[in-house]
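J.: pasting the sequence and the predicted coordinates here, then a few questions.
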Amino acid sequence: MSSKDPLGSDNNPLCVAVVGSGPSGFYTTEALSRSEHVVRIDMYERLPAPYGLVRYGVAPDHPKLKQSIQVYEKIAQSPEFRFFGNVNIGRDIAVADLRRAYHAVVFACGAETDRRLGVDGEDLPGSHTATEFVAWYNGHPDYRDRVFDLSHETAVIIGQGNVAADVARVLAKTVDELRHTDIARHALDVLAESRVRDIHVIGRRGPVQAKFTPKELREFGDLEDCTPFVNPEELLLNASSEQELEDKKNVNARKNLELFRGFSQMAADKSRRCRFSFLKSPVRLEGDGRLQQLVLESNRLEGEAFRQSARGTGQMEALECGILFRSIGYFGIAIDGVPFDPRRGVFPNRAGRIMEADTAVAGLYTAGWIKRGPSGIIGTNRADSVATVASLLADLPALDNPDSKAGAEAIMPLLERKGVRVISYRDWQRIDAEEVARGATQDKPREKITSVEEMLAVL
Amino acid sequence: MTTFVTDNCKACRFTDCVAVCPVECFHYDDDMLYIDPEVCIDCSACLPECPVQAIYEGDDYPEDKEEWIAINAQRAPELPVITEPMEPLPGAEERKTELGF
Ligand SMILES: Cc1cc2nc3c(=O)[nH]c(=O)nc-3n(C[C@H](O)[C@H](O)[C@H](O)COP(=O)(O)OP(=O)(O)OC[C@H]3O[C@@H](n4cnc5c(N)ncnc54)[C@H](O)[C@@H]3O)c2cc1C
Ligand SMILES: NC(=O)c1ccc[n+]([C@@H]2O[C@H](COP(=O)([O-])OP(=O)(O)OC[C@H]3O[C@@H](n4cnc5c(N)ncnc54)[C@H](OP(=O)(O)O)[C@@H]3O)[C@@H](O)[C@H]2O)c1
Ligand code: SF4
Ligand code: SF4
């Protein structure tokens, strides 16, 4: 094999499998396509539908953000790219099989579960994760049958990041404000019957540490039938928080505080109220067979500026509520055959190279939320994927293999044997067109097909 | 709702913003960058990346920067797209200090 051309040339193309079709999967593909090397990229996605959290996470009333899909559609047209949907890596295909078929595998499979609070009563009926609720209203096939009981007036959200803001806003909006979005029909029907009037968004730290971005927070001031509210006393700051505010880079915190101050002055002249409260941690959830009240402990902040943490003061209060959403962060899921950090919920890596103890595992890479942890917005994953691809390309000489790599041609027979109906990009385009057509009759950008069987039936 | 680059970017051009833009809507000339409002999805990713806070979004900008909305809209479409960070212009670090960042 000494006459073989270097890896990444016409006669010896670099074969890469990308696992996951969210932003990081597509930006990885883009960076590989743009390199000077000859590459073949096969993307595997466990669902028939691509785009990960852009389709199943981003809120239905934020359609502009979903326009990043147009970029992914363009990337998907590159001749070296193929899409294999409805294929679950780890279940349908073992990681070892992928490694045999490709020079490199890039895991861009996101963080699909959630962090736990670790308090008593967390699993009472009526206590949910934001992850489930978001996936449900966005029509994710795994969550379409979840039941959310919105018959009680008070709903609580724990956590103060943008996901908490999404959940609160969906609960705060009237159905008319959501009707013409791509929200799943089953969700619209349940929300139409919602009796929720009081929404509490509770943070363990103070207003300066809230993780909302100002643009998202500002929306609460413009809702049709809901007024935001903050108790002005909760906006009094300690010295370290004042210091955090003064930092020139901390623009978001300054804007958020200004918005909270505005909220504290607003007349409550609408039928729903969304209250932001601070310095409170859930201690336990109580109820007879289902959630009836939440016990909270007040906190004070300790530590120097930008490293302040919440410490309980021992002062307790109870809040009656019918439903609660934990929105304290997503968490990655392990895949057999890939090292996993159970504490952080990520694939341990250095610059995208997956590590086992202190050694890089040959040919395994990672990008996006499963690489960094569940933070950062769509664009963050572009810079992140570019960095992973740079590591991969720097390893080219080591990735070369005397046997050429067959790519998907080696994987397809395995899938056939298992009876997996593989979805091509063209198949997906037909499902996509069907969704858009179903939406058009209801003046929605699309009506998502929410079961895998029904998606396959379109084909 | 628009996101736009202002004159703080001039003679600086660190281009950290470009690396995180999900839709490639930054364009450039010899002096600075411009955002094409027809392509930008207002995702705010670029704002915290800019070391000199040259980018503004929504209605949230100082009055004297307003003219830059029109300048971005006009200049961006006639200039080349920038998709990957470039070397900062010479003197960029000094200018950053000068602007107080
Ligand atoms: C509720 C919510 C709202 C958000 N809203 C915004 C927003 O408005 N604006 C913004 O910029 N960012 C937003 N974000 C952040 C943004 O969605 C993420 O930064 C981004 O989606 C992460 O990309 P990723 O590719 O790493 O993961 P994901 O988008 O999660 O993609 C992972 C993909 O991998 C697939 N997969 C998982 N396991 C397997 C397997 N075993 N085999 C095959 N495929 C697999 C999944 O099905 C999924 O399609 C939001 C996030 C959440 C949670
Ligand atoms: N519109 C958008 O642009 C948009 C929409 C949705 C999501 N996103 C992005 O997606 C990413 C994930 O968002 P996210 O909201 O899931 O995460 P996040 O921004 O990290 O927020 C998590 C929140 O949970 C709190 N928390 C964590 N552990 C807790 C505990 N044990 N008890 C009480 N509170 C706890 C955190 O408080 P502490 O600060 O005290 O830890 C924080 O307020 C973010 O980068 C976000 O910006 C963006
Ligand atoms: S990061 Fe800021 S200064 Fe640098 S190029 Fe972008 S907008 Fe201009
Ligand atoms: S707001 Fe988002 S889409 Fe617009 S220029 Fe900035 S990074 Fe690009």
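T.: Structure's in. What do you need? Ligands and ions are numbered 1, 2, ... in the order given.
J.: output the helix or strand of chain B with the lowest mean pLDDT as CSV, nothing but the C-alphas.
T.: The element with the least model confidence among the helices and strands of chain B, by mean pLDDT, DSSP states H and E, is helix B:92-98, at a mean of 80. Output for helix B:92-98, consisting of C-alpha atoms alone and laid out as CSV, is shown next (Å, rounded to 0.1, in the frame of the first residue of the first chain):
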residue,chain,number,x,y,z
ALA,B,92,-6.2,47.2,16.5
GLU,B,93,-5.0,46.5,20.1
GLU,B,94,-4.1,50.2,20.6
ARG,B,95,-7.5,51.2,19.3
LYS,B,96,-9.2,48.9,21.7
THR,B,97,-7.4,50.5,24.6
GLU,B,98,-8.2,53.9,23.2
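J.: when you scan that helix, is anything in it near chain A?
T.: No. No part of helix B:92-98 sits close enough to chain A to count as contact by Cβ under 8 Å from any Cβ of the partner chain; the gap is at least 11.7 Å. Every C-beta, even on glycine, is put in place using the N, C-alpha and C of the backbone.
J.: chain center to that helix, what's the gap?
T.: 16 Å (Cα atoms, centre = their mean, to the nearest Å).
J.: return the residues of chain A in contact with chain B.
T.: Taking Cβ under 8 Å from any Cβ as the criterion, chain A approaches chain B at residues A:23, A:64-65, A:67-68, A:70-71, A:213-215, A:218, A:248-249, A:251-252, A:255, A:377-383, A:386.
J.: mark which of these are buried, thanks.
T.: If you count burial by 16 or more other Cβ atoms under 10 Å in any protein chain shown, the buried members of the residues of chain A next to chain B come out as A:23, A:65, A:67-68, A:71, A:213-215, A:218, A:252, A:255, A:377-383, A:386.
J.: show me which of the residues you listed neighbour ligand 4.
T.: By Cβ under 6 Å from any ligand atom, the members of those lying near ligand 4 are residue A:379.
J.: other SSEs contacting the least confident helix or strand of chain B?
T.: When contacts are defined as 3 or more Cβ pairs under 8 Å, 6 or more residues apart in numbering or on different chains; DSSP states H and E, helix B:92-98 sits against none of the other helices and strands.
J.: now tell me what touches that helix from outside.
T.: Applying Cβ atoms under 8 Å, 6 or more residues apart in numbering or on different chains, the contact partners of helix B:92-98 are B:11-14, B:51-52.
J.: is residue A:374 in a helix, a strand, or coil?
T.: At residue A:374 the chain is in coil, as set by DSSP: H, G, I helix; E, B strand; the rest coil.
J.: could you measure from residue A:41 over to residue A:102?
T.: When distances are taken as Cβ to Cβ, to the nearest Å, residue A:41 and residue A:102 turn out to be 10 Å apart.
J.: show the contacting residues for residue A:306.
T.: Residue A:306 touches A:244, A:247, counting by Cβ under 8 Å, 6+ apart.
J.: distance of it from residue A:241?
T.: As judged by Cβ to Cβ, residue A:306 and residue A:241 stand 10 Å apart.
J.: hmm, residue B:21 is touching residue A:379, no?
T.: Yes. Counting by Cβ atoms under 8 Å, residue B:21 does reach residue A:379; the two are 5.6 Å apart.
J.: who touches both of these two?
T.: B:45-46.
J.: low pLDDT regions in chain A?
T.: Under the criterion pLDDT under 70, the flagged ranges of chain A are A:1-3.
J.: what residues does the stretch 1-150 of chain A put near ligand 2?
T.: Counting by Cβ under 6 Å from any ligand atom, the stretch 1-150 of chain A sits next to ligand 2 at residue A:117.
J.: just the strands in the stretch 1-150 of chain A please.
T.: A:14-19, A:39-45, A:81-85, A:104-107, A:113-114, A:127-129 (DSSP state E, counting those that start in this stretch).
J.: quick one: closest of these to residue A:202.
T.: Distances from residue A:202 to each of the strands of the stretch 1-150 of chain A were compared using Cβ to Cβ; the minimum, 13.6 Å, belongs to strand A:127-129.
J.: what about residue A:362, which SS state?
T.: Secondary structure of residue A:362, reduced to three states by three-state DSSP: strand.
J.: can you tell me how far the residue nearest to it when sequence neighbours are not counted is from ligand 4?
T.: Ranked by Cβ to Cβ, 6 or more residues apart in numbering or on different chains and with sequence neighbours excluded, the top spatial neighbour of residue A:362 is residue A:398, at 6.9 Å. Separation of residue A:398 from ligand 4 (Cβ to the nearest ligand atom, to the nearest Å) stands at 34 Å.
J.: is it true that residue A:398 touches residue A:360?
T.: No. With contacts defined as Cβ under 8 Å, residue A:398 does not count as touching residue A:360, sitting 9.4 Å away.
J.: more crowded one of the two?
T.: More neighbours surround residue A:360 than the other of residue A:398 and residue A:360, with 18 against 12 (other Cβ atoms under 10 Å in any protein chain shown).
J.: much appreciated, bye for now.
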